[in-house]
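Peer 1: Dropping the sequence and predicted coords here.
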Amino acid sequence: MDDDAARTIGETLAGIYAGVHAGPMRDVPICNDALDVEAIGFRAFGETAVGIVVTPWFMNLIVVPEPPIAAGASVRVALPAGDVDCVPAELDGFGAILACSLFSPMFEFSDMSAAREAAREAMKALFDPELLDEKPAPKPGALDRRALLRGRLSADEATS
């Protein structure tokens, strides 16, 4: 996989979620009307495409594995800054994805620019191997979203 293919995958996912927003999620109170659907930072990582999808109702790290992984229990994905637990799912019209929720709902974002910046910072932090600095890998479930966006992996690191 190369970065162009990963970006194409991101755009395809954004198109699918835009259709969900225009259909079943239209007028659902959990949606932040100030936000749109966008794929952010999709890149190749080994045989996977990794990026963030922002919607008015969630911001998820998405990993598209090759070969696809069947839906079921969570899967640990090793990224340069540490392991992330993702949930396998089957997306209608696309196929298998792994998703890790970063934010849901999305009401803390005042506009798309703020959501886009948070997604870019999350991708930057997830791919920064300097964050490891001989620290132990985070325990399952220890990934703190707010700390991650501040360049840390867990809430414990936020206090140190």
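Peer 2: Received the coordinates, thanks. Residues are numbered from 1 along each chain as shown.
Peer 1: From here on, just use CA atoms for contacts and neighbour counts.
Peer 2: OK.
Peer 1: for this structure, what spans make up the helices?
Peer 2: Counting by DSSP state H, one finds helices in the chain at the ranges 3-22, 112-126, 145-149, 155-158.
Peer 1: Any idea which of the ones you listed gets closest to residue 59?
Peer 2: helix 112-126 (7.7 Å; Cα to Cα).
Peer 1: so what secondary structure elements neighbour the closest one?
Peer 2: Applying 3 or more Cα pairs under 8 Å, 6 or more residues apart in numbering; DSSP states H and E, we find helix 112-126 packed against strand 38-45, strand 48-54, helix 145-149.
Peer 1: Convert the longest one to PDB, retaining C-alpha atoms only.
Peer 2: This points to strand 38-45. The C-alpha coordinates for strand 38-45 follow below in PDB (Å, rounded to 0.1, in the frame of the first residue of the first chain):
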ATOM      1  CA  GLU A  38     -13.900  14.600   6.300                       C
ATOM      2  CA  ALA A  39     -11.000  12.100   6.100                       C
ATOM      3  CA  ILE A  40      -7.900  13.500   7.800                       C
ATOM      4  CA  GLY A  41      -4.300  12.400   7.500                       C
ATOM      5  CA  PHE A  42      -4.800   9.000   5.800                       C
ATOM      6  CA  ARG A  43      -1.400   7.400   5.100                       C
ATOM      7  CA  ALA A  44       0.000   4.000   4.400                       C
ATOM      8  CA  PHE A  45       1.400   2.100   7.400                       C
END
